[in-house]
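**Q** Could you work out the structure for the sequence below:
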Amino acid sequence: MDLDHFAFVIKGESSISPIPAGGYKLTKDPVSKDVQINFATDTTDEKPIISLHSNVSGLTIAGLPIQGKVEIKNSGSAYIPGQILYLSSVTFTPHEQTLQIAGVPPFGTLEVPITFNPTNALINTKGTYTVRVAGASTTKSIQSKLVFLTPIGGLVIGALVIIIVFFFVKRLFTK
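**A** Numbers count the residues shown, from 1 in each chain. Next up, the predicted model:
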């Protein structure tokens, strides 16, 4: 019997159950070691598994800044220390960008905001950009179009034309 520990039982039905601490020993020696603690002899090779995903829209409006985020995901069991993220593009400015990012814990995610300067508002522009960090890279293409050539811009301009025509026709018939 172990009188150094307490076992709390609510509405217990048995005086011998639950077994008190130390009552489970398999050997007849009451001072035998129950738990063996040693230093590890083998080490596991922990490596980060990095994946990059960019959520910058593939279609942007010309004349407005191009903005979005790059998601850095660590699927490995090792920490990715803080380092430099490289963003480059031949078409969009600034052509070369370096951004200091924080570390990413194991199985963690980090979102980094990225921005390119506005493109010429009077011409369509098509180009690519590349993101590199910790030995991983991804390339994505972007089209920057005139406002009325984008789906949202086309709807807005179409709605404005309909409103103007409506008021013009209403004015003609009210005279």
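**Q** and the lowest-mean-pLDDT helix or strand in the chain, what other elements does it pack with?
**A** The weakest-scoring helix or strand in the chain, judged by mean pLDDT, DSSP states H and E, is helix 151-174 (a mean of 82). Judged by 3 or more CB pairs under 8 Å, 6 or more residues apart in numbering; DSSP states H and E, helix 151-174 is in contact with strand 59-61. Just so you know, the C-beta spots here come from the backbone N, C-alpha and C atoms, and that holds for glycine as well.
**Q** downstream neighbour of the strand it packs on in the secondary structure list?
**A** Later in the chain than strand 59-61, the nearest helix or strand by DSSP states H and E is strand 66-74.
**Q** Sort out which residues of that following strand are buried, please.
**A** Within strand 66-74, the residues that qualify as buried are 66, 68, 70, 72-74, counting by 16 or more other CB atoms under 10 Å.
**Q** Please apply the same query to stretch 55-68.
**A** By neighbour count on 16+ other CB under 10 Å, the buried set for stretch 55-68 is 56, 60-62, 66, 68.
**Q** Residue 121: which of these is nearest?
**A** residue 62 (5.0 Å; CB to CB).
**Q** which residues does the closest one contact?
**A** Residues near residue 62 by CB atoms under 8 Å, 6 or more residues apart in numbering: 118-125, 144-147.
**Q** give me that answer again for 6 Å
**A** Residue 62 makes contact with 119, 121, 144-146, according to CB atoms under 6 Å, 6 or more residues apart in numbering.
**Q** Which ones among these map onto strands?
**A** 144-145 (DSSP state E).
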